[in-house]
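Trainee: structure of the sequence below:
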Amino acid sequence: MRQQSYLLCITVIGLLFVDQAFATVEFEPGIGLGVEYTDNARLSPDTAAVDDLIAVGYVGASVSENEGPLRYDTTAALSKNDYTRDTFADQRYLNLDARIDWEMFKDRLDWFLNDHFLQRSVSSINSSTPDNLQDSNVLTAGANIKFPVSARQNFSLLPTFSQYYYEVLSIDNEQLSLTASWRYQMFRLTNLGLSLSTRKINYTEKNILGQSIEDTTFTTLKLTFSGQRLRSNFSGSLGSTTVRREGGDERRGFSGFLRWLTDLSSRSKFEARVSTDITDTSSAASSVESNPVAGGGDVQITADVIRNSVINLAYTRKDASLGTNISARYHKLTYSERPLDRVIRNFGAQLNYPVTPLLSGGVYVNYNRTEQLDTARLDKFYSIGGNLNYHFSRKLRGLIDLKYRTKESTDALQNYDEVSVFVNLVYGFGNVKRPARGGGF
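Mentor: Below you'll find the model as predicted:
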C-alpha cells in the first residue's frame, strides 16, 4: 500500500512540473526548505529533555480542473525531516489528497474517487513523536445515481466502497455501503427527506492474538431537513442506527445531528454543530467533524463499535486590520469493548494581523483536556505561539513561528515542556510544515 501510494504521488508531482498541456487545468508545483530548533525533541519530562535542530525539505504539487464533466483537485507532497543531532532517525513523509468527480450523465449519474494518505498517531493520547506515528490511507470510490421525480422531489442511490489502511495497527478494513435517499422541497427554502443506509465492514487483518475480527453491519434510518433564512441556514437529521456483529451481538441507538450557521454581521459568522452517532473508529477518525483541529486525532483506532458525540462552536471575523478565529469543542467517545472511553474538551483562538500588503503576523493559543473515564488518566495540554509571514514575491514566501507548549498528565512519563522556533521558505504551492509531532499532544 505505501509503495503504491509513493509511486502515485511521485507520478502526480512529475506531471505537475511539466508544461501545461490544457489551458483549463491549473498546475502549481512547489518546493521548500525549513529548519526547527526545539529544546525537547522527544517531548519527554524535563529530566530527559534533549534539544535538536531539525532540517526539513519539501517538494509538492497541485493540479485541479473545475470545468467540464471531469473535475478533480489533487495535491501531493513529499517531505524529509533530518534530525541533525540524531534524536530520531531521519523521517520521510508522504501526503496525498486526491478528489475526482466525473459527471457521466448530467443530473443523473456521477462517479467519484477520493484518496487521502497521511500520518496518524498510533496511540492517540500520547505525544506524536516519530515513534508514535504511522502511515494511513483512506480510499473511497462510488457513484451518485439520481432519479428526479418532479420539480420538488427527487430520489437517489449512493453505493460506496471504502478501504482503510494502517501501517502499524492491525485494523485494516474494507467497507461497502448503500444509501437510498428521498428529498422533498416543502417550501422554497426548506427541504425534508428520508434516508436509509446500510454499511458492512470486513476487517482484513487478524488481531494481535491471531484471531479474526468480527465483521460488522450498520443500518441507519433517518429523517433529514434543511433550510435557509435571511442571514442563516440550518440542517440536521434524526434517526436510529442498528449494529449487528458477525458473532450475533446486536445493539440499537439514536443518531442525528443539528448544524446552524449565521452571519452575525457582514464580517463575522458563528457556527454551531451537535452530533451523535453509533459508528466504527475508522469512519469517526477520518471525519473532520470528529476533530476539526487535528483531523480525527481524538479517536483511538480499534475494532470497537463506538458512540461518537461532538459539540462544536466556532466564531470567525475578518476585518481589514484583524482576522479572528475562536473555537470550542466537547467530544465524548464510548467504546463497546475496550476501556478507552474518554471526554475531550478543546478551546482554540487565533488572531491574524496584516501589517503591510506583504507582511502579516499572528498569535494563537490552544487548550486540550482529555479525561480517560475507565483508567482515571487526565491530560492537559496548553500551547501558545506567534508567527510572521512575509511574501517576497507572488510565489515566494517565508515564515517564522515561535511556540511554547506544555503537557500535564497523571501519567508522569507524558509530562513535558517545549520551546521551539521554526523558519521556512517556500516557492510555489504548499507549505513546509513543522516536523511531524502534531496530530496529537
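Trainee: ranges for the strands of the stretch 251-400 of the chain?
Mentor: Assigned by DSSP state E, counting those that start in this stretch, the stretch 251-400 of the chain shows strands spanning 268-280, 305-318, 323-335, 342-354, 359-372, 378-391, 396-409.
Trainee: what helices or strands is the third one leaning on?
Mentor: Read it as strand 323-335. Helices and strands touching strand 323-335, as assessed by 3 or more Cβ pairs under 8 Å, 6 or more residues apart in numbering; DSSP states H and E, comprise strand 305-318, strand 342-354. No exception for glycine: its C-beta is placed from N, CA and C like everyone else's.
Trainee: make JSON lines from those strands and add mean neighbour count, distance to L70 and mean pLDDT to it.
Mentor: Listed next are those as JSON lines, based on neighbours: other Cβ atoms under 10 Å; distance: least, Cβ to Cβ, whole Å; pLDDT from 0 to 100:
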{"stretch": "strand 305-318", "mean neighbour count": "18", "distance to L70": "33", "mean pLDDT": "97"}
{"stretch": "strand 342-354", "mean neighbour count": "17", "distance to L70": "36", "mean pLDDT": "97"}
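Trainee: same list (the ones you listed) but as a markdown table, adding distance to F234.
Mentor: Shown next, in a markdown table, are the helices and strands packed on strand 323-335 (distance: least, Cβ to Cβ, whole Å):
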| stretch | distance to F234 |
| --- | --- |
| strand 305-318 | 14 |
| strand 342-354 | 24 |
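Trainee: nearest to R199 among those would be which one?
Mentor: R199 lies closest, by Cβ to Cβ, to one member of the helices and strands packed on strand 323-335: strand 305-318, at 12.0 Å.
Trainee: the closest one vs strand 342-354, what angle?
Mentor: Counting by axes from the mean of the first three to the mean of the last three Cα atoms, to 10 degrees, strand 305-318 points 20 degrees away from the direction of strand 342-354.
Trainee: okay, the strands of the stretch 251-400 of the chain in JSON lines with distance to D298 next?
Mentor: JSON lines is the format used below for the strands of the stretch 251-400 of the chain (distance: least, Cβ to Cβ, whole Å):
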{"stretch": "strand 268-280", "distance to D298": "13"}
{"stretch": "strand 305-318", "distance to D298": "9"}
{"stretch": "strand 323-335", "distance to D298": "5"}
{"stretch": "strand 342-354", "distance to D298": "5"}
{"stretch": "strand 359-372", "distance to D298": "8"}
{"stretch": "strand 378-391", "distance to D298": "12"}
{"stretch": "strand 396-409", "distance to D298": "15"}
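Trainee: for E174, which of the helices and strands packed on strand 323-335 is the nearest?
Mentor: Across these (criterion: Cβ to Cβ), the nearest stretch is strand 305-318, sitting at 17.0 Å.
Trainee: just checking, what packs against that closest one?
Mentor: By 3+ Cβ pairs under 8 Å, 6+ apart, strand 305-318 packs against strand 268-280, helix 281-285, strand 323-335.
Trainee: what pairs with it, parallel or antiparallel?
Mentor: When pairs are called by DSSP bridges, strand 305-318 turns out to pair with strand 268-280 (antiparallel), strand 323-335 (antiparallel).
Trainee: check contacts around T74.
Mentor: By Cβ atoms under 8 Å, 6 or more residues apart in numbering, the contact list for T74 reads V12, S62, V63, S64, L96, D97, A98, R99, I100.
Trainee: which of those count as buried?
Mentor: By neighbour count, with 16 or more other Cβ atoms under 10 Å, the contacts of T74 hold V12, S62, V63, L96, A98, R99, I100 as buried.
Trainee: dump those to TSV, plus secondary structure and pLDDT.
Mentor: Below are the buried ones among the contacts of T74 laid out as TSV (DSSP: H, G, I helix; E, B strand; the rest coil; pLDDT from 0 to 100):
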residue	secondary structure	pLDDT
V12	helix	52
S62	strand	93
V63	strand	93
L96	strand	94
A98	strand	95
R99	strand	96
I100	strand	96
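Trainee: which one of the residues you listed is nearest R267?
Mentor: S62 (28.9 Å).
Trainee: hmm, that closest one is touching G430, no?
Mentor: Yes: the criterion here is Cβ atoms under 8 Å, and S62 meets it with G430 at 7.2 Å.
Trainee: identify the contacts common to the two.
Mentor: G30, T75.
Trainee: export the contacts of T74 to CSV and tack on distance to N325?
Mentor: Below are those laid out as CSV (distance: Cβ to Cβ, whole Å):
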residue, distance to N325
V12, 31
S62, 24
V63, 29
S64, 25
L96, 27
D97, 22
A98, 27
R99, 25
I100, 30
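Trainee: with respect to S383, which of those is nearest?
Mentor: D97 (25.1 Å).
Trainee: from the buried ones among the contacts of T74, which two are the most distant?
Mentor: Pairwise over the buried ones among the contacts of T74, using Cβ to Cβ, the maximum falls at S62 and I100, 13.9 Å.
Trainee: quick one: S162 and N137 touch, right?
Mentor: No: applying Cβ under 8 Å as the test, S162 and N137 come out as separate, 10.8 Å apart.
Trainee: look up the closest residue to F347, ignoring the ones flanking it.
Mentor: Residue nearest to F347 in three dimensions, not counting chain neighbours: Y367, with 4.6 Å by Cβ to Cβ, 6 or more residues apart in numbering.
Trainee: show the contacting residues for that neighbour.
Mentor: Taking Cβ under 8 Å, 6+ apart as the definition, contacts of Y367 comprise N346, F347, G348, K380, F381, Y382.
Trainee: go again with 10 Å.
Mentor: Y367 makes contacts with A328, R345, N346, F347, G348, A349, K380, F381, Y382, S383, I384, as judged by Cβ atoms under 10 Å, 6 or more residues apart in numbering.
Trainee: is the first one in a bridge, and if so with what?
Mentor: To tie it back to what came earlier, the one meant is A328. Applying DSSP bridges, one finds that A328 bridges with L313, F347.
Trainee: count the neighbours of it for me.
Mentor: Neighbour count of A328, defined by other Cβ atoms under 10 Å: 15.
Trainee: my read: it touches A314, true?
Mentor: Yes: A328 lies in contact with A314 (Cβ atoms under 10 Å); the separation is 7.9 Å.
Trainee: overlap of the contact sets of these two?
Mentor: The contact sets of A328 and A314 overlap at G348 (Cβ under 10 Å, 6+ apart).
Trainee: how about the contacts made by K407?
Mentor: K407 is in contact with 43, 45, 126-127, 368, 379-383, 414-418, 441, counting by Cβ under 10 Å, 6+ apart.
Trainee: skipping adjacent residues, who's closest to it in space?
Mentor: F381 (4.9 Å).
Trainee: was I right about the one you found contacting D417?
Mentor: No: between F381 and D417 there is no contact under Cβ under 10 Å: 11.4 Å.
Trainee: quick revisit: nearest to F225 among the buried ones among the contacts of T74?
Mentor: Using Cβ to Cβ, R99 comes nearest to F225 of those, at 27.2 Å.
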